[in-house]
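Dropping the sequence and predicted coords here.
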Amino acid sequence: MFKQKKNSPFYFSRGERLGIISLLLAIIGLLCLVHWVPIPRSRTFQLSSDEMDRLQYQLDSLRCIALEEKEPKLYPFNPNFMTDYKAYTLGVTPDQYDRLRAYRESGQWINSSADFKKVTQVPDSVLQRISPYFKFPDWVTNPKKRSKPAFVKNKEFKGEKMDLNSATVEQLQEVSGIGKVLSQRIVDKRSQLGGFSHDLQLHTVWGLKPEVVKKALERFEVKTPKPIVKMNINSASASDLSTIPGISFDLGKKIWEFVYLREGISDFEELAKIEELSPQKLQLIQLYLLIE
């Protein structure tokens, strides 16, 4: 019988042959196991599944939120003061903005959304998106007809009238409707002003009704008026206007905005359009203002 030589590359010892046979048997056994025994497979991810649709919806929602956060936020604004950058962010073309600027430079004002569309010729889609943010002054959006102010005419009084700047508390109490409290307030107001400059300043005394003022002026008048240094209403600030007796800072700011939007006024009667400015206050501020 032929025997392998020990130095041959195909020569295996008894132990090596047993190992090779055992390896082959193990391989055959594993193949049979894979073939005949069912092995649970891991769950595959289906692109068309409901879960995929849900995840895609969430991603789309997050993407929309991110895009909305990147868009510039709109706040109420007056279109009369729109800048070229503001027009760009709102989707107004340069030609449309140039029409608005030319209209404003001619001294005219936009007072409604219809005016804005007529002047700029923006499409309806742009107007519908930005018009809810238009903010016009109250005297434009809520106009109210007011009667022209008239100065109070004093009734004739039998006897010589006393100087309001020298009247005592007791003398003031002789007027019907003026008691101890109101008479003291009149004297205190006179001291605060350094002396009355005009009869109208009596209306600035808190609690003194117009009909009582009318009765008081039948007995008293300002004979030694205190001089007033008047300021130009077309250049006065809101803070300057609020220093006028009887004019609060809020009312002073509204007067300033009214004058600023019109680029100055030429007649005090124009201020009658301001709802909070009563005829008496309109008369009063003319003591402290002039138009230049």
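Cool, got the structure.

Where does the prediction get shaky in this structure?
1-12, 37-49, 66-74, 139-159 (pLDDT under 70).

In stretch 15-31, which residues are buried?
Buried residues in stretch 15-31, counting neighbours by 16 or more other CB atoms under 10 Å, are absent. (Each C-beta comes from the backbone N, C-alpha and C, glycine too.)

for stretch 219-228, same thing?
So, applying 16+ other CB under 10 Å, buried residues of stretch 219-228: R219, F220, E221, V222, P225.

Show residues contacting that stretch.
The contact list for stretch 219-228 (CB atoms under 8 Å, 6 or more residues apart in numbering) reads 154, 157, 161-167, 172, 174-175, 193-199, 201, 287-288.

Now go through these and say which are in helices.
Members of the contacts of stretch 219-228 lying in helices (criterion: DSSP state H): L172, L193.

Buried ones among the contacts of stretch 219-228?
Buried by 16+ other CB under 10 Å: 162, 164-165, 167, 172, 175, 195-199, 201, 288, out of those.

Going by distance to S131, which of these wins?
Comparing the buried ones among the contacts of stretch 219-228 against S131 with CB to CB places Y288 closest, at 39.4 Å.

Now do the contacts for the closest one.
I228, K230, M231, I244 are the contacts of Y288 under CB under 8 Å, 6+ apart.

May I have stretch 257-264 as CSV, with CA atoms only?
Extracted in CSV, the C-alpha atoms of stretch 257-264 (Å, rounded to 0.1, in the frame of the first residue of the first chain):
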residue,chain,number,x,y,z
GLU,A,257,-47.3,113.9,16.0
PHE,A,258,-50.1,115.9,14.4
VAL,A,259,-47.8,118.8,13.5
TYR,A,260,-45.0,116.5,12.5
LEU,A,261,-47.1,114.4,10.1
ARG,A,262,-48.3,117.6,8.4
GLU,A,263,-44.8,118.9,8.3
GLY,A,264,-46.0,122.0,10.2
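
Just give the number of residues close to I244.
Residues within reach of I244, counting by other CB atoms under 10 Å, total 21.

what separates it from N165, distance-wise?
For I244, the distance to N165 equals 19 Å [CB to CB, to the nearest Å].
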